[in-house]
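> Got a predicted structure plus its sequence, pasted below:
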Amino acid sequence: MKTTDLKSKTDQQLKQELKTIKSVTGVLIGVLLVLFTVTLYGLFTKENKTPFIALIAVGVSCGAIVPLQYGHMKKIKSELNTRKEV
């Protein structure tokens, strides 16, 4: 993600960025839930478990993005709140 100064953006730009991050994070969480569901199903029902073990690693590594997104959303919300107080 590009490092940009949140103070240099307008309120409208921050709100749009927050909305975009929320929707992308929601889609990512949904895809990860589907991935884990399919992986668990494959682990319990299929004979060859090797691809499903690899998919667990992919899901966990992609899941590490979610806390980073929430941290960025928190920074944007705090910036918007400080602008309202002034």
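Thanks, I have the structure now.

> CA only for contacts and neighbour counts going forward, please
Noted.

> quick one: low-confidence parts of this protein?
1-4, 86 (pLDDT under 70).

> longest single helix anywhere in it?
Counting by DSSP state H, the longest helix found in the chain is helix 11-45.

> buried set for it?
11, 14, 18, 21, 25, 28-29, 32, 35-36, 39, 42-43 (16 or more other Cα atoms under 10 Å).

> What is it packed up against?
helix 50-63, helix 65-85 (3 or more Cα pairs under 8 Å, 6 or more residues apart in numbering; DSSP states H and E).

> Mean neighbour count for the ones you listed - can I get that in CSV?
Listed next are these as CSV, based on neighbours: other Cα atoms under 10 Å:
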stretch, mean neighbour count
helix 50-63, 14
helix 65-85, 13
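
> mind checking how far Thr50 is from Ser8?
49 Å (Cα to Cα, to the nearest Å).

> Between helix 65-85 and the longest helix of the chain, find me the angle.
Interaxial angle, helix 11-45 versus helix 65-85 (axes from the mean of the first three to the mean of the last three Cα atoms, to 10 degrees): 160 degrees.

> Thanks again, I'm all set now.
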